[in-house]
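Asks: this one's structure only:
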């Protein structure tokens, strides 16, 4: 009989196991993992550099698709420790301190937090060493098919008994790493509501006529998500163009609800301000200074050459000289620079998206992330209906939710 069994040895599951044993060495903790090693998804995050967090910890960087009308308000009203843990780096219960104690020295690059080694692999190795040091039992290559409860005891696959179960199975993204969504089925079997699931933090497909010509271009823009001709949200940052899609952190942060909108037959566009630091009038005055240039050559003085050629083609002014443009045509050129439009036809799927939007309804868990449907059942990390922007926010939630649950479990095991 185990005191606590954690299903899933990803970021949240490992942190939960470590936090439990760090604070109570007598607990009998079992970690179950379907892969042959821990942290398979963690090992590829941040392009292998492992973006562990962000110094900008405002809760507005997180989303919920549950019925919470105001995510921040409800978390505060229900006294979630999540806010204090993220907002106060001096809090000894913050996940930053746990990372350092577990052998992960941190460094900062702009607002992003990384392991000092800049290697996700070193984070996984540090966790593995600490799990061994704290005598956390780990079963690898163990596939959970069912979880049941009789009286006060959980049974996993008819062979493992445990007083407490923690679901740390992740979402549906990167299924090759083991995130197949089976944790949702376990929670549903105990009566939990699973909100609609969508791929988030992913590329957006476009039918823009000249998209293939833009492959490989990277540009800093102000991008807006336009849904049925209404601007929904904006992001500043770098956009990367592929042969059929828009990518980059800026686009990822706008992608969250795109699949949903397209399923609802709404028109979705990305509108880019290619020159956010200059006004329309300033651009007009600048372009006029190159009156003898072809328009695309004049535009190449301002933006990437491939973009300049595409924009001139789109406006049908490729061979026209700047001095041949009418006043209205010049205004139209500058308007296009400030409002380049890309019709969106699709988004990446769960195989390519970084995180799952949606999950187990947060309202059905206590402030300690214990199920209100079944005592001693907990859920942490991506399996819950919480997802963040790019920049370390989803790992922040994984680690912090793990510590919240561990603290709640420890209260009953003092």
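Replies: Received the coordinates, thanks. These figures come from a predicted structure and were not determined experimentally.
Asks: residue 254 reaches residue 235, doesn't it?
Replies: Yes. Applying C-beta atoms under 8 Å, one finds residue 254 in contact with residue 235, separated by 5.5 Å. In short, each C-beta sits where N, CA and C put it, glycine included.
Asks: looking at those two, which one has more neighbours?
Replies: Taking other C-beta atoms under 10 Å, residue 254 and residue 235 do not tie; residue 254 has more neighbours (26 against 20).
Asks: contacts only, for that one.
Replies: For residue 254, the contacting residues are 204, 223, 225, 233, 235, 270, by C-beta atoms under 8 Å, 6 or more residues apart in numbering.
Asks: how about a cut-off of 6 Å?
Replies: Applying C-beta atoms under 6 Å, 6 or more residues apart in numbering to residue 254 gives the contacts 225, 235.
Asks: can you give me the strands in the stretch 201-350 of the chain?
Replies: Taking DSSP state E, counting those that start in this stretch to define them, one finds strands in the stretch 201-350 of the chain at 204-206, 218-227, 230-241, 245-247, 268-273, 340-347.
Asks: I'd guessed residue 393 sits against residue 59; true?
Replies: No. Counting by C-beta atoms under 6 Å, residue 59 is not a contact partner of residue 393; they are 10.0 Å apart.
Asks: so those two - more neighbours on which side?
Replies: Comparing residue 393 with residue 59 by neighbour count (other C-beta under 10 Å), the higher total belongs to residue 393, at 25 against 17.
Asks: how much space between the more buried one and residue 386?
Replies: As judged by C-beta to C-beta, to the nearest Å, residue 393 and residue 386 stand 10 Å apart.
Asks: try residue 284
Replies: In this structure, residue 284 and residue 386 are 46 Å apart, going by C-beta to C-beta.
Asks: out of these two, which sits in the busier spot?
Replies: For residue 284 versus residue 386, neighbours defined as other C-beta under 10 Å are more numerous around residue 386 (28 against 18).
Asks: OK, contacts around the more buried one?
Replies: Per C-beta under 6 Å, 6+ apart, neighbours of residue 386: 64, 397.
Asks: outline the domain layout of this protein.
Replies: As given by automatic domain parsing, the domain ranges for the chain are 2-198+352-411, 204-347.
Asks: what about stretch 355-366, how long is it end to end?
Replies: End-to-end span of stretch 355-366 (C-alpha to C-alpha, to the nearest Å): 23 Å.
Asks: average model confidence for it?
Replies: Averaged across stretch 355-366, the pLDDT comes to 91.
Asks: buried sites along it?
Replies: Neighbour-count burial for stretch 355-366 flags 355-362, 364-365 (criterion: 16 or more other C-beta atoms under 10 Å).
Asks: where's residue 413 relative to residue 345, distance?
Replies: Distance of residue 413 to residue 345, given as C-beta to C-beta: 52 Å.
Asks: which strands or helices does the helix ranked longest in the chain pack on?
Replies: The residue-count maximum for a helix in the chain (DSSP state H) belongs to helix 393-411. Helix 393-411 sits against helix 11-23, helix 95-101, with contacts defined as 3 or more C-beta pairs under 6 Å, 6 or more residues apart in numbering; DSSP states H and E.
Asks: try 7 Å this time
Replies: Contacts defined by 3 or more C-beta pairs under 7 Å, 6 or more residues apart in numbering; DSSP states H and E place helix 393-411 against helix 11-23, strand 53-54, helix 82-87, helix 95-101, strand 387-388.
Asks: go through it and flag the buried ones.
Replies: Neighbour count says helix 393-411 has 393-410 buried, by 16+ other C-beta under 10 Å.
Asks: ditto for stretch 136-144
Replies: Buried residues in stretch 136-144, counted by 16+ other C-beta under 10 Å: 136, 138, 142, 144.
Asks: which of those residues fall in helices?
Replies: With helices taken from DSSP H, there is no overlap with the buried residues of stretch 136-144.
Asks: low-confidence ranges, the chain, go.
Replies: For the chain, applying pLDDT under 70 flags the ranges 57, 65-94, 414.
Asks: all helices of it, in order?
Replies: Ranges of helices within the chain are 11-23, 71-77, 82-87, 95-101, 120-133, 182-189, 249-254, 258-263, 280-288, 295-300, 305-314, 327-338, 393-411, based on DSSP H.
Asks: redo those helices as CSV? Include distance to residue 243.
Replies: Output for the helices of the chain, formatted as CSV (distance: least, C-beta to C-beta, whole Å):
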stretch, distance to residue 243
helix 11-23, 33
helix 71-77, 36
helix 82-87, 38
helix 95-101, 39
helix 120-133, 28
helix 182-189, 34
helix 249-254, 15
helix 258-263, 19
helix 280-288, 29
helix 295-300, 21
helix 305-314, 13
helix 327-338, 22
helix 393-411, 28
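Asks: what's the closest of the ones you listed to residue 214?
Replies: The closest of the helices of the chain to residue 214 is helix 305-314. By C-beta to C-beta, the value is 5.4 Å.
Asks: give me the contact list for the closest one.
Replies: 210, 213-214, 217, 219, 274, 295-296, 299-300, 318, 336, 340 (C-beta atoms under 7 Å, 6 or more residues apart in numbering).
Asks: right, I'll leave it there.
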